[in-house]
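# fold the stuff below for me.
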Amino acid sequence: MRVLLQRVTQASVSIDGREVGHCGRGFLLLFGVKNGDTEEALDWLAEKCLNLRVFEDEEGKMNRSLLDVSGELLVVSQFTLYADTVRGRRPSFIEAAPPDVSKPLYEKFVARLRASGVPVATGEFGADMQVSLVNDGPVTIMLER
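Reported below is the predicted structural model:
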């Protein structure tokens, strides 16, 4: 399981020109599932996203978490996080889990984040989405479990 975490001042996701989710200061999380992934990794990833200290304190040091700054989340499913580009010019997505496996895990991940009390917006699983963001820092971190 992979999460590409981007610290943002704002982010939104649209489908066919209609905004379906947005967040203010916080994280845009791109979430991908590979074949063989199980629910066990969800708690670790959710805890890491909520508690990773990448927001600045009064001294300008990255010492505060999303929970500390009352941040928001936008979570978008992203099977292309498992693109294999080693051979040829077209990526292979053979490592990405099929929708019948990845969608329930995506929904459980979102539920675990919401259980923390943090505002969580989402895209629409499997849809063709346009994501806009203002990356803050920029801070972009790949989490994998």
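# can you show me the strands along the chain?
Counting by DSSP state E, one finds strands in the chain at the ranges 2-15, 18-23, 26-32, 55-56, 62-64, 72-77, 120-122, 130-144.
# counting contacts, what elements does the longest helix seen in the chain pack onto?
In the chain, taking DSSP state H as the definition, the longest helix is helix 99-114. Secondary-structure packing of helix 99-114 (3 or more Cβ pairs under 8 Å, 6 or more residues apart in numbering; DSSP states H and E): strand 26-32, helix 40-51, strand 72-77, strand 120-122. For glycine as for every other residue, the C-beta is placed from the backbone atoms N, C-alpha and C.
# quick one: closest of the ones you listed to residue 14.
Closest to residue 14 of the helices and strands packed on helix 99-114, according to Cβ to Cβ: strand 72-77, at 11.1 Å.
# only the buried residues of the closest one, if you could.
For strand 72-77, the neighbour count (16 or more other Cβ atoms under 10 Å) marks 72-77 as buried.
# which of the helices and strands packed on helix 99-114 sits most buried?
Looking across these with neighbours counted as mean count of other Cβ atoms under 10 Å, the highest average goes to strand 26-32: a mean of 26.
# now do that one against helix 40-51, angle only.
160 degrees (axes from the mean of the first three to the mean of the last three Cα atoms, to 10 degrees).
# partner strands of strand 26-32, parallel or antiparallel?
strand 2-15 (antiparallel), strand 72-77 (parallel) (DSSP bridges).
# possible to save those as TSV with distance to residue 39 and mean pLDDT?
TSV is the format used below for those (distance: least, Cβ to Cβ, whole Å; pLDDT from 0 to 100):
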stretch	distance to residue 39	mean pLDDT
strand 2-15	15	98
strand 72-77	16	98
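# any idea which of these gets closest to residue 92?
strand 2-15 (16.0 Å).
# how far off centre is the closest one?
7 Å (Cα atoms, centre = their mean, to the nearest Å).
# please save the CA atoms from the longest helix of the chain in PDB.
C-alpha atoms of helix 99-114 as PDB (Å, rounded to 0.1, in the frame of the first residue of the first chain):
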ATOM      1  CA  PRO A  99     -10.900  -2.500  -8.100                       C
ATOM      2  CA  ASP A 100     -12.800  -5.300  -6.300                       C
ATOM      3  CA  VAL A 101      -9.800  -5.500  -3.900                       C
ATOM      4  CA  SER A 102      -8.600  -1.900  -3.800                       C
ATOM      5  CA  LYS A 103     -12.000  -0.200  -3.400                       C
ATOM      6  CA  PRO A 104     -12.900  -1.800   0.000                       C
ATOM      7  CA  LEU A 105      -9.400  -1.000   1.300                       C
ATOM      8  CA  TYR A 106      -9.700   2.600   0.100                       C
ATOM      9  CA  GLU A 107     -13.000   2.900   1.800                       C
ATOM     10  CA  LYS A 108     -11.700   1.500   5.100                       C
ATOM     11  CA  PHE A 109      -8.700   3.800   5.000                       C
ATOM     12  CA  VAL A 110     -11.000   6.800   4.600                       C
ATOM     13  CA  ALA A 111     -13.100   5.500   7.500                       C
ATOM     14  CA  ARG A 112     -10.100   5.100   9.700                       C
ATOM     15  CA  LEU A 113      -9.100   8.700   9.000                       C
ATOM     16  CA  ARG A 114     -12.600  10.000   9.600                       C
END
